[in-house]
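Enquirer: Sequence first, predicted model second:
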Amino acid sequence: MRPGKMRPVARKKNPLRKTFTLCRTIALLASLIFVPAFKSSAQVSAPTEYQIKAAFLYNFAKFVEWPPQTFVQAASPLVIGVLGKNVFGDDLARTIRNKTINNHPLEFKEFHSVSEATNCQILFISASEKDHFPKILEGLRGTSVLTVSESDDFIKAGGMINFVEKGNKIRFQINEVAAKSAGLKVSAKLLSLAIHPVR
């Protein structure tokens, strides 16, 4: 090596990088809680209620662990679906477009029956299906589908995550018991952000 030349130093992998990424995601998820759920004339650029909920659904996928057999292949899509009325419009599909989590490309689907939805990973069950919650949840028994809704009594009916409005902010409840019975592992960090988690 010629004088004055420095030997290139090999870059070392930062073992804390994954931790930093996780903390950043948690901070983002927590920040969503403090975003007003509805626009006002003075907040023209504020996100809408369902843009916020779409962002939550995307982030939920980062803090839930599915059984290995859930995915046919290591790079199989992680499907986030809606059963019933699609209250998100294009917001949910747009939020997860071109996104990947743990090598699984995210995919959006609309379902019209429980049998269609049994192979997705996250299922938002619209309030339009409120009268059929027990039947829907029973139809998903034995699957590893994370169920999400925004209706009273969804948690009591056996649902796993339910959006609620608190002081014009979007919060969420988590039924960890229901999630565990489906073979899902919910991160303690996500549970810490929930209100009145069922354990």
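Expert: Nice, I can see it.
Enquirer: helices or strands up against the longest strand along the chain?
Expert: Assignment by DSSP state E gives strand 104-111 as the longest strand of the chain. Applying 3 or more CB pairs under 8 Å, 6 or more residues apart in numbering; DSSP states H and E, we find strand 104-111 packed against strand 78-83, helix 91-96. For the C-beta atoms, the positions are set from N, CA and C on the backbone; glycine is no exception.
Enquirer: Relative to residue 111, which of the ones you listed is closest?
Expert: When those are compared by CB to CB, strand 78-83 sits nearest residue 111, at 4.7 Å.
Enquirer: Run the angle between that closest one and strand 104-111 for me.
Expert: With axes from the mean of the first three to the mean of the last three CA atoms, to 10 degrees as the basis, strand 78-83 and strand 104-111 are set at 20 degrees to each other.
Enquirer: pLDDT value on residue 101, please?
Expert: Listed pLDDT for residue 101 reads 96.
Enquirer: quick one on the thing from earlier: check the helices and strands packed on strand 104-111 for me and report the most buried one.
Expert: Across the helices and strands packed on strand 104-111, the average number of neighbours (mean count of other CB atoms under 10 Å) peaks for strand 78-83, which reaches a mean of 23.
Enquirer: From the contact counts, what lies against that strand?
Expert: By 3+ CB pairs under 8 Å, 6+ apart, strand 78-83 packs against helix 91-96, strand 104-111, helix 114-117, strand 122-125.
Enquirer: number of nearby residues for the closest residue to residue 96 other than its chain neighbours?
Expert: Distances taken as CB to CB, 6 or more residues apart in numbering place residue 106 nearest to residue 96, at 4.0 Å, with adjacent residues excluded. Residue 106 has 21 neighbours, counted by other CB atoms under 10 Å.
Enquirer: Kindly report the same for the one 3 residues further on.
Expert: For residue 109, the number of neighbouring residues by other CB under 10 Å comes to 16.
Enquirer: beta partners of it?
Expert: Taking DSSP bridges as the rule, residue 109 bridges to residue 81.
Enquirer: Hmm, residue 82 is touching residue 127, no?
Expert: No. Residue 82 sits out of contact with residue 127 when judged by CB atoms under 8 Å, with a separation of 11.4 Å.
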